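Q: Just need the structure, nothing else, for what follows:
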Amino acid sequence: MNLSVIIALVLSVAVPAFAQGQNRPNGSAQRDSDNVLSAMFPACTAFSDAMDDKSRDLVRDGKIGLKACQSRDYLECVKTDTQKIRCAVTTAPPAECLAQITAFVQGKICSA
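A: Down below sits the predicted model:
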């Protein structure tokens, strides 16, 4: 399976945290290591942190998020925002991160 497809599938789970930049109910900002991607795939924490940091920068600059969305289709905006975030992060995920994601997508976690 194409690794970019795998990453896209996994990021679709985590996109709301990236695209929205929302605070938690108690008012504290969500810390990078608290997101879904890091929880499911510990080897992806550094990459996830880089994505989260870039997401915050892009939201702050008005380049992504609900205010920047020009489409009536929310999912199209989420897709575009996720692509902008990924393209802005210049580092690649480590091999172990990709291995954890691949194991998840291929269902190898189901036999554990």
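Q: Could you find the closest non-adjacent residue to T45?
A: With CB to CB, 6 or more residues apart in numbering as the criterion, T45 has its nearest non-adjacent residue at 4.5 Å, and that residue is S38. C-beta coordinates here come from the backbone N, C-alpha and C atoms, glycine included.
Q: Let me know the pLDDT of the residue nearest to P42 when sequence neighbours are not counted.
A: Take P42 and drop its neighbours on the chain: the residue closest to it by CB to CB, 6+ apart is Q100, 7.4 Å away. Q100 carries a pLDDT value of 93.
Q: what about Q100, which SS state?
A: helix (DSSP: H, G, I helix; E, B strand; the rest coil).
Q: still on that earlier bit, can you count the residues close to the residue nearest to T45?
A: For S38, the neighbour count with other CB atoms under 10 Å is 20.
Q: My guess is it contacts S48. True?
A: Yes - using CB atoms under 8 Å, S38 is in contact with S48, at 4.7 Å.
Q: before we move on, the earlier item: what separation do you get for the residue nearest to T45 and M51?
A: Taking CB to CB, to the nearest Å as the measure, S38 falls 10 Å from M51.
Q: One more: D73?
A: For D73, the distance to M51 - CB to CB - is 23 Å.
Q: Those two - which one has more neighbours?
A: Shown here are D73 and M51; by other CB under 10 Å, M51 has more neighbours (25 against 10).
Q: Surely that one and Q83 touch.
A: No - here M51 lies out of contact with Q83, judged by CB under 8 Å, at a distance of 11.7 Å.
Q: lowest-pLDDT helix or strand in the protein?
A: helix 3-20 (a mean of 52; mean pLDDT, DSSP states H and E).
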